[in-house]
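J.: Sequence below, structure please.
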Amino acid sequence: MILRPYYLEALKKYRDVPLVKILAGVRRCGKSTILEMLANDLAQNGIPADHIITMRYTSENFDDDMTDKDMYNSIKAKMTDSERYYLLLDEVQEVAGWEKAVNSLLENANTDIYVTGSNSKLMSSEISTYLSGRYVQIPVYTLSFAEYIEFKGGGRSPRELLNEYIRMGGFPIVALSDFDEGAAYQIVEGIYHSVITNDITRRHNITNYDLFNRVVRFVVENVGKTFSANAIVKFLKGQGRSLSVEAVYNYLDWLEKAFVICRCQRYDLQGKSVLKTQEKFYLADASLKYCMMGFNPKSVAAMLENIVYFELRRKGYAVYIGKNETKEIDFVAVRRDERIYVQVCRNLPEESDREVANLLELKDHYPKYVVTMDELASGNINGVKIVYLADFLLTKDY
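T.: As a prediction, this is how the structure comes out:
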């Protein structure tokens with residue numbers, strides 16, 4: 001097992017704090033392995049094996065009709081004394097009312113509780129009711145570039161591995177083996193269909209799968225572009241299909257709740273307000289696009305944005321698209337009282353003048369970056385830092 005220390009450290013920070021620790025992310029991004037890492041760390045720190053209770057709530061392990069009472073009773077039966085028990089509960093969203101069981105275990109037993117899940121039913125109104133103020137969410141993403149290098153071991157340069165990372169994506173199951181592109185995309189396609197089947201179409205009773213799939217493909221084709229639900233409706237109308245704006249909003253919401261896509265809102269830098277229209281959506285992993293449409297070098301520019309967006313999220317930034325009058329800044333990243341501006345472009349110098357000019361129009365003193373695939377790019381243009389993508393991704397903080 002290759003460790004992912006970032007997540008282990010995040011969990012350690014909250015150890016024995018009376019909060020439910022929720023690890024949430026797209027299927028197969030590594031949540032179960034992180035729980036295994038946690039179990040090993042607890043054992044190494046002297047916690048007896050019988051006080052580390054690990055439960056995995058999948059259809060292979062439990063009946064589909066398991067209730068919250070069944071869940072509570074099965075866990076409580078393993079607790080035979082008054083000492084602290086560490087509960088590691090995997091894929092809890094498969095149990096209806098799981099939050100009631102977890103709340104009871106938090107209140108009525110000496111426990112430290114960690115749960116994982118693959119859809120944001122984990123963040124539903126029921127949690128607000130039963131766990132209000134008593135949980136912390138730790139988002140789990142597919143592998144960062146730094147983690148990808150760790151998974152691949154030594155022997156190859158960051159440049160070579162970066163090109164592979166862009167093509168193959170960061171699902172751990174792909175990174176751990178030496179699959180060719182075809183095999184890798186076939187595996188990712190299986191993950192995607194598992195998400196669509198288990199977390200979306202079945203859960204929300206979608207009967208017109210063809211129409212839903214057309215919406216998904218529109219989103220995938222337009223990664224890194226602003227669009228509205230109305231744009232999707234017009235696109236479908238052009239294909240002779242009819243779908244309401246409300247239905248499109250629902251589809252986008254369900255995709256987001258299954259962590260397939262992530263919404264990036266626009267931020268008006270003059271009005272200092274978040275705008276509600278013309279958002280962008282990014283995919284949980286670049287390989288999700290390639291498994292559906294094949295790898296096309298012409299689509300790399302948009303996927304570079306996708307990679308930078310999630311790297312900023314991993315580092316704890318809230319990320320927005322910047323609107324500066326008629327100009328657009330790819331990313332405005334905010335973390336507490338910190339802010340950075342980031343433009344992403346594939347090639348220099350052809351694109352550098354525009355990207356740098358947009359940043360120079362911002363008159364504050366926050367750090368400004370142009371991130372590029374040009375390996376020889378580095379330097380400073382009137383305070384704007386030009387950075388090679390691999391270096392940007394491997395920088396621990398900005």
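J.: can you give me the mean pLDDT across stretch 380-388?
T.: Averaged over stretch 380-388, pLDDT sits at 92.
J.: Surely V260 touches L283?
T.: Yes. Taking contacts as CB atoms under 8 Å, V260 lies within contact range of L283: 7.0 Å. C-beta: built from backbone N, CA, C; applies to glycine.
J.: can you pull the contacts of D330?
T.: Counting by CB atoms under 8 Å, 6 or more residues apart in numbering, D330 touches 305, 308, 321-322, 342-344.
J.: Let me know the closest of those to L243.
T.: I321 (25.4 Å; CB to CB).
J.: And for that closest one, the neighbour number?
T.: Burial measure for I321: 21 neighbouring residues, criterion other CB atoms under 10 Å.
J.: same thing with the one 4 residues further on?
T.: E325 has 9 neighbouring residues, counting by other CB under 10 Å.
J.: Which pLDDT value belongs to it?
T.: 83.
J.: what do you get for S118?
T.: In this model, S118 carries a pLDDT of 83.
J.: what sits against the spatially closest residue to it that is not a sequence neighbour?
T.: Sequence neighbours aside, R27 is the residue nearest to S118 in space, at 4.6 Å (criterion: CB to CB, 6 or more residues apart in numbering). Neighbouring residues of R27 by CB under 8 Å, 6+ apart: 118, 191, 194-195, 198-199.
J.: outside of stretch 158-174, which residues touch it?
T.: Contact partners of stretch 158-174, identified using CB under 8 Å, 6+ apart, comprise 28-30, 33, 141-145, 147-149, 151-152, 175, 179, 181, 184, 187-188, 191, 285-288, 290, 295, 300, 303-304, 307, 375, 389-390, 393-394.
J.: quick one: the residue most central in space within the chain from R56, how far?
T.: Nearest to the mean C-alpha position of the chain, by CA atoms, centre = their mean, lies Y141 at 4.2 Å. Using CB to CB, to the nearest Å, Y141 is found at 21 Å from R56.
J.: now swap in L376 and tell me
T.: For L376, the distance to R56 - CB to CB - is 48 Å.
J.: Who has more neighbours out of those two?
T.: Neighbours were counted for L376 and for R56 using other CB under 10 Å; R56 has more, 16 against 8.
J.: isn't the more buried one right next to K31, touching?
T.: No. Counting by CB under 8 Å, R56 stays clear of K31, with 10.8 Å between them.
J.: Can you check which residues contact both of the two?
T.: D90.
J.: Pull the number of nearby residues for E164.
T.: 16.
J.: What's the local residue count around C291?
T.: So C291, with other CB under 10 Å, has 24 neighbours.
J.: Check the one 4 residues further on too.
T.: Applying the criterion other CB under 10 Å, we find 18 residues in the vicinity of F295.
J.: ok, and the closest non-adjacent residue to it?
T.: Nearest to F295 is R167, by CB to CB, 6+ apart, at 5.6 Å.
J.: any idea which helix or strand carries the one you found?
T.: Assigned by DSSP states H and E, R167 belongs to helix 158-168.
J.: Where is pLDDT lowest across the contacts of R27?
T.: Within the contacts of R27, lowest confidence goes to N198 (78).
J.: Provide a list of residues in contact with it.
T.: Per CB under 8 Å, 6+ apart, neighbours of N198: 27, 118.
J.: Tell me how far it lies from Y192.
T.: From N198 to Y192 the distance is 11 Å (CB to CB).
J.: Find the nearest non-adjacent residue to G316, please.
T.: Per CB to CB, 6+ apart, closest to G316 is R335, 5.3 Å.
J.: can you count the residues close to the one you found?
T.: Residues near R335, counting by other CB under 10 Å: 15.
J.: Pairing partners for it in the sheet, please.
T.: E338 (DSSP bridges).
J.: Report whether the expected contact of it with K315 is present.
T.: Yes. The criterion here is CB under 8 Å, and R335 meets it with K315 at 7.5 Å.
J.: On the pLDDT front, check the closest residue to V334 other than its chain neighbours for me.
T.: Spatial nearest neighbour of V334, excluding adjacent residues (CB to CB, 6+ apart): A318 at 4.9 Å. Per-residue pLDDT puts A318 at 97.
J.: give me phi/psi at A318?
T.: When read as degrees, to the nearest 10, the backbone of A318 gives phi -80, psi 130.
J.: Could you look up the SS state of G316?
T.: At G316, secondary structure determined by DSSP: H, G, I helix; E, B strand; the rest coil is coil.
J.: Revised request: answer the last question for Q137.
T.: Per three-state DSSP, Q137 ends up strand.
J.: before we move on, back to that, and the helix or strand just after the helix holding R167, average pLDDT?
T.: Downstream of helix 158-168, the first helix or strand assigned by DSSP H and E is helix 172-175. In this model, helix 172-175 has an average pLDDT of 96.
J.: For my notes, confirm T207 occurs in a strand.
T.: No. Read with three-state DSSP, T207 is coil and lies in no strand.
J.: How many neighbouring residues does it have?
T.: Counted with other CB under 10 Å, T207 comes out at 8.
J.: what are the phi and psi angles of it?
T.: phi -100, psi -30.
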